[in-house]
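Peer 1: fold the following, please.
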Amino acid sequence: QVQLVESGGGLVQAGDSLRLSCVVSGRTFSNYAMGWFRQAPGKDRELVAAVSRNTGSTSYADSVKGRFTISRDNAKNTVYLQMNSLKPEDTAVYYCAAGSGYFIKDRVSVDYWGQGTQVTVSS
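Peer 2: Numbering: from 1, shown residues only. Alright, predicted model coming up:
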């Protein structure tokens, strides 16, 4: 069983930055592709950013390109989401996700979820 624990959410103003962290335990971290999803009230859960299992390749939703950066530290079993130039529309619960495939492309790719961390951006 794999456990994912997120941290780093909070209330910030538009234009501020936050860094989310997700610590993974229970299996070999480097064997998993990782991703960050978010879900705003009344909306579907959407993939924000993903990093591959081996090469560290990354992908981003168009809405966050140039502002968010996903990274992983295999020595610390941790994946990060650096969020800059935050906007009110970034307000959501952010979920860390792990998948046993090469890359997370959608919710079907996910094998394990974190509990979520709230990010609120005020205008």
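Peer 1: just for this protein, where's the confidence low?
Peer 2: Nowhere does the chain drop to pLDDT under 70.
Peer 1: now the strands for it?
Peer 2: When assigned using DSSP state E, the strands of the chain occupy the ranges 3-7, 10-13, 18-25, 33-39, 46-51, 58-60, 68-73, 78-83, 92-99, 112-113, 117-122.
Peer 1: buried set for the fourth one?
Peer 2: Of the residues in strand 33-39, those buried under the neighbour-count criterion (16 or more other Cβ atoms under 10 Å) are Ala33, Met34, Gly35, Trp36, Phe37, Arg38. For every residue, glycine as well, the C-beta is placed using N, CA and C.
Peer 1: check contacts around the most centrally placed residue in the chain.
Peer 2: By Cα atoms, centre = their mean, the mean C-alpha position of the chain lies nearest to Trp36, the distance being 2.1 Å. Shown in contact with Trp36 (Cβ atoms under 8 Å, 6 or more residues apart in numbering): 20, 22, 47-50, 70, 79, 81, 94-97.
Peer 1: bridging residues for it?
Peer 2: Listed beta-bridge partners, Trp36: Ala49, Cys96 (assigned using DSSP bridges).
Peer 1: what about it, distance to Arg19?
Peer 2: For Trp36, the distance to Arg19 equals 11 Å [Cβ to Cβ, to the nearest Å].
Peer 1: give me the common contacts of those two.
Peer 2: Residues touching both Trp36 and Arg19 by Cβ under 8 Å, 6+ apart: Leu81.
Peer 1: wait, which of the strands of the chain is closest to Lys105?
Peer 2: strand 46-51 (7.2 Å; Cβ to Cβ).
Peer 1: could I get the buried residue list for the closest one?
Peer 2: Buried residues in strand 46-51, counting neighbours by 16+ other Cβ under 10 Å, are found at Leu47, Val48, Ala49, Ala50, Val51.
Peer 1: could you do stretch 7-21 as well?
Peer 2: Of all the residues in stretch 7-21, those buried under the rule 16+ other Cβ under 10 Å are Gly8, Gly9, Val12, Leu18, Leu20, Ser21.
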